[in-house]
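*Asks:* pasting the sequence and the predicted model now:
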Amino acid sequence: MTPSQLLPLLPAVPLLGAALLVAAGRRLPRLAAEAFGSLVAAATAVLAVVLLLRSSPPLTEWVGGWFPVGGESVGIVLTGDGAGLGMVALVSLLTLAALAYSWRYFDAQPHGHAGSFPALILLFQGGMSGFAIAGDLFDAFVFFELMSVVAYALTGYRIDEARAVQGALGFALVNSLGAYFMLMGIALLYARTGQLAMAKIGQGLDAAAAGHGPDALVLAGFVLFLTGLLVKAAAVPFQFWLPDAHAVAPTPVCILLSGVMVELGVYGVWRVYGTVFSGPGGIPAADASRALVVLGVLTAAVGSVMCWYQRHIKRLLAFSTIAHTGLFLIGVGTLKAAADEGTALYILAHAGVKAALFACAGILLDRYGSVDEFTLHGRARRLRGTGTVFAVGALALAGLPPFGTGLGKALSEEAVGGPLTVVYVAASALTGAAVLRVAARVFLGLGPRPRERQGEGGERDADTTSGSAEEPETGRRLDKVPLTMRTVPVVLLLAALAAGVVPGFAAAVGDAVDEAGTRGVFSTAHWTVTGVLLDLLSALLAVAVAGVAVARPGLLAAPGWALPLRRLQSGHVGDYVAWLLVGSALLGALALPGVLGR
């Protein structure tokens, strides 16, 4: 069997494992079900790494032997290049981390079914893995929907809590609408080219353009398909569902949502534009770059500001994810090989850091029954190890060398250059400062005890988004934190550190991305003096801002202009849908000039 013939196993193995757990879960003891789920995730990770090492040149598999005849095919094509297989490896490793963290996590399983949670996690893994290596738009949509549906179920897993069901419902409605946009975009592109394979659609658009460039149909296909991806990436103004979902989702699910699912949206934007729309019949590079960079800057700015003014720790981390999504979009949107390399490394390391931070937040929730920064002030002094991981994770989020987040950020900053460098420094410093502020208050008890204040969101802020009325996910408060829950965040943080210090790792990531993007260059990614200085500046700014916030909280209280921005996060699905339509129109307006000019 050739390596390419093993590609279908990457989504198939976790899907089959999930089916077996569903079939036998009622008869399996809980320990066996959780062990089997972890074994399946680990096996998929190993297979992904093995194929990744053999992915040059990229692997291609037409599933079921439906090879193209005369250049035409209706078969399912899977593409195993460095970027796609790297994402599958990341998905599988984080799935393993989530399952390890949730080892004996829930005291009660729905209907006594021990395999329900690991089965859903494996289904989630299968959908994400299939999306990462899908070589045609329709099957990318199918895996996208599988990933989404399972994510809705996992978000509302604690169905006895009304807030969990409400958060999952908002997540489902907004993301389903984004999926319908994707499907309409696929229909338009299929109508124009008669193809579904991404590479074939790109060739068909170039042939149909016949020298006169793209038209309104191509623009509509671009806007509709990318809208669905940007909803999943939680880019502004499509981001409203993400904090609401993270606030109610179980912590192991948050590890996957922020660690890899959101990043898959950014990966999809990079893959689809580069393969489908980057030719002469697609969207001009200047217009695509303008659209993605503008949305990226807006996302980084809104995410950073909203992150700073949160007291609900899981929502704070969710807004941090939004801010970093903006930075990823800026890197992808510049359409430069060096920026692609930096963004890929940034995504890998950010996944480890953010997953570790969410794991620490879960420990606080299950130990103290709260994720409210105000309520927890000084209460977690005894959790020295967790506090250390949380503080170091905050600095890594700010880009502290030699973490992989710092190297990825530095490579991206140097590639984009100019004023956009300021966006990277400011966003990473502000989000890192917010997390560091929480660490100082909660784990060290520094500064005066925060008090409720009017003008920071009023009653809604205190009652709905404080995180003080939470229930432990373990069914009861933990007297002692289990070893698995303490070990997983440490391992994830060490992995993020390794991404920045292991010799040749950054260059290997860059080579994989460059080959997948067919830019014809070889990576020389490494630390530079400028990059180190910019990273140190971000980290120092994070420490300084956090220090001021802890010592003199009144100096950094929410200004008047921030309150309307916070009120946009209304919790009403109708508002979120309206903003999705506004975002689609904005994306089209930003990409329109090139089409009009032709």
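*Replies:* Sure, I can see it.

*Asks:* hey, let's count contacts and neighbours off CA atoms from now on
*Replies:* Will do.

*Asks:* A410 against G342, yeah?
*Replies:* Yes. Counting by Cα atoms under 8 Å, A410 touches G342, with 7.4 Å between them.

*Asks:* and for the two, which residues touch both?
*Replies:* When Cα atoms under 8 Å, 6 or more residues apart in numbering defines a contact, no residue borders A410 and G342 alike.

*Asks:* in a helix, L78, correct?
*Replies:* No. If the criterion is DSSP: H, G, I helix; E, B strand; the rest coil, then L78 is strand and not within a helix.

*Asks:* tell me the mean pLDDT over stretch 375-394?
*Replies:* Summarised as a single mean, pLDDT over stretch 375-394 is 93.

*Asks:* off-centre distance for that stretch?
*Replies:* Stretch 375-394 sits 24 Å away from the centroid of its parent chain (Cα atoms, centre = their mean, to the nearest Å).

*Asks:* swap in stretch 307-323?
*Replies:* Distance, stretch centre to chain centre, for stretch 307-323: 14 Å (Cα atoms, centre = their mean).

*Asks:* what's next to it, contact-wise?
*Replies:* Counting by Cα under 8 Å, 6+ apart, 234-235, 239, 242-244, 246-247, 258, 299-304, 306, 354, 357-358, 361, 371-374, 427, 430-431, 433-435, 438, 465-468, 558 sit against stretch 307-323.

*Asks:* over to stretch 115-125?
*Replies:* 11, 14-15, 17-19, 21-22, 24-26, 28, 30, 33-34, 37, 40-41, 91-92, 95, 99, 109-110, 146-147, 150-151, 153-154.

*Asks:* kindly report the same for stretch 373-389.
*Replies:* Taking Cα under 8 Å, 6+ apart as the rule, stretch 373-389 contacts 311-313, 356-357, 360, 364, 368, 370, 438-439, 441-446, 449-451, 466, 468, 486, 489-490, 493.

*Asks:* the contacts of stretch 115-125 in helices, which ones?
*Replies:* 11, 14-15, 17-19, 21-22, 24, 30, 33-34, 37, 40-41, 91-92, 95, 99, 146-147, 150-151, 153-154 (DSSP state H).

*Asks:* got a quick ChimeraX command for the buried subset of those?
*Replies:* Buried members of the ones in helices among the contacts of stretch 115-125 can be picked out in ChimeraX with the line below, counting by 16 or more other Cα atoms under 10 Å:
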select :11,14,15,17,18,19,21,22,30,33,34,37,40,41,91,92,95,99,146,147,150,151,153,154
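
*Asks:* now the helices for the stretch 251-400 of the chain?
*Replies:* In the stretch 251-400 of the chain, helices defined by DSSP state H, counting those that start in this stretch lie at 251-256, 262-272, 285-308, 313-333, 337-368, 384-398, listed in chain order.

*Asks:* and of those, who's closest to V582?
*Replies:* Among the helices of the stretch 251-400 of the chain, the nearest to V582 by Cα to Cα is helix 285-308 (12.3 Å).

*Asks:* what's the burial count for the closest residue to P3 other than its chain neighbours?
*Replies:* In this structure, P3 finds its nearest non-sequential neighbour in L51, 6.5 Å apart by Cα to Cα, 6 or more residues apart in numbering. L51 sits with 24 neighbouring residues when counted by other Cα atoms under 10 Å.

*Asks:* I'd like to know how far L51 sits from D139.
*Replies:* According to Cα to Cα, to the nearest Å, L51 stands 21 Å off from D139.

*Asks:* do A546 as well
*Replies:* Applying Cα to Cα, the value for A546 to D139 is 45 Å.

*Asks:* okay, the two: which has more neighbours?
*Replies:* Remark: of A546 and D139, A546 carries more neighbours, 28 against 20, as counted by other Cα under 10 Å.

*Asks:* would you mark the buried spots in stretch 581-591?
*Replies:* Neighbour count says stretch 581-591 has L581, G583, S584, L586, L587, G588, L590, A591 buried, by 16+ other Cα under 10 Å.

*Asks:* now which of the contacts of stretch 373-389 would you call buried?
*Replies:* Buried among these by 16+ other Cα under 10 Å: 311-313, 356-357, 360, 364, 368, 370, 438-439, 441-446, 466, 468, 486, 489-490, 493.

*Asks:* centre of this structure to the edge, which residue is at the far end?
*Replies:* Farthest-out residue of the chain from its mean C-alpha position, per Cα atoms, centre = their mean: G70, at 39.2 Å.

*Asks:* quick one, what contacts it?
*Replies:* Per Cα under 8 Å, 6+ apart, neighbours of G70: none.

*Asks:* tell me the buried residues in the host helix or strand of L169?
*Replies:* In this structure, L169 sits in helix 162-193 according to DSSP states H and E. Neighbour counts over helix 162-193 (16+ other Cα under 10 Å) mark 163-183, 185-190, 192-193 as buried.

*Asks:* related to what we said a few turns ago, which among the buried residues of stretch 581-591 gets closest to T530?
*Replies:* L590 (32.2 Å).

*Asks:* tell me the contacts of the residue lying closest to the closest one once chain neighbours are set aside?
*Replies:* Distances taken as Cα to Cα, 6+ apart put A291 closest to L590, at 5.0 Å, once the chain neighbours are dropped. Contacts for A291 (Cα under 8 Å, 6+ apart) come out as G333, L587, L590, A591.

*Asks:* what's the answer for H246, then?
*Replies:* Contact analysis of H246 by Cα under 8 Å, 6+ apart lists T155, C254, L257, K314, R315, A318.

*Asks:* and the gap between it and A585?
*Replies:* For H246, the distance to A585 equals 27 Å [Cα to Cα].

*Asks:* cool, A19 as well?
*Replies:* Counting by Cα to Cα, the gap from A19 to A585 is 41 Å.

*Asks:* and what of P214?
*Replies:* Applying Cα to Cα to P214 and A585 gives a distance of 18 Å.

*Asks:* before we move on, what about L10?
*Replies:* Taken as Cα to Cα, the span from L10 to A585 is 36 Å.

*Asks:* just N175 next, same as before
*Replies:* Distance from N175 to A585, by Cα to Cα: 17 Å.

*Asks:* check V488 too.
*Replies:* Noted for V488: a distance of 42 Å to A585, by Cα to Cα.

*Asks:* okay, now the unreliable bits of this protein?
*Replies:* Within the chain, the ranges that satisfy pLDDT under 70 run 71-73, 104-114, 211-213, 452-469, 517-524, 555-562, 594-598.

*Asks:* how about the contacts made by the residue positioned nearest the centre of it?
*Replies:* Using Cα atoms, centre = their mean, the residue of the chain that lies closest to the mean C-alpha position is V262, 2.5 Å off. V262 is in contact with K232, A233, A234, T325, counting by Cα under 8 Å, 6+ apart.

*Asks:* ok, now G447?
*Replies:* G447 is in contact with R441, V550, A551, R552, counting by Cα under 8 Å, 6+ apart.

*Asks:* quick one: A208 from V272, how far?
*Replies:* In terms of Cα to Cα, A208 sits 18 Å off from V272.

*Asks:* returning to that earlier point: just send the contacts of G447 back as TSV, with distance to K200 and secondary structure too.
*Replies:* Compiled in TSV, the contacts of G447 are given as follows (distance: Cα to Cα, whole Å; DSSP: H, G, I helix; E, B strand; the rest coil):
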residue	distance to K200	secondary structure
R441	55	helix
V550	56	helix
A551	59	helix
R552	59	coil
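
*Asks:* if any of those are buried, put those into a ChimeraX selection.
*Replies:* Here is the ChimeraX command that selects the buried residues among the contacts of G447 (16+ other Cα under 10 Å):
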select :441,550
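
*Asks:* same list, the contacts of G447, but as TSV with distance to S56 please.
*Replies:* TSV is the format used below for the contacts of G447 (distance: Cα to Cα, whole Å):
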residue	distance to S56
R441	49
V550	51
A551	54
R552	55
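
*Asks:* can you name the residues bridging to G80?
*Replies:* G80 forms beta bridges with L59, as assigned by DSSP bridges.

*Asks:* I'd say it and P58 touch.
*Replies:* Yes. Judged on Cα under 8 Å, G80 makes contact with P58 at a distance of 5.6 Å.
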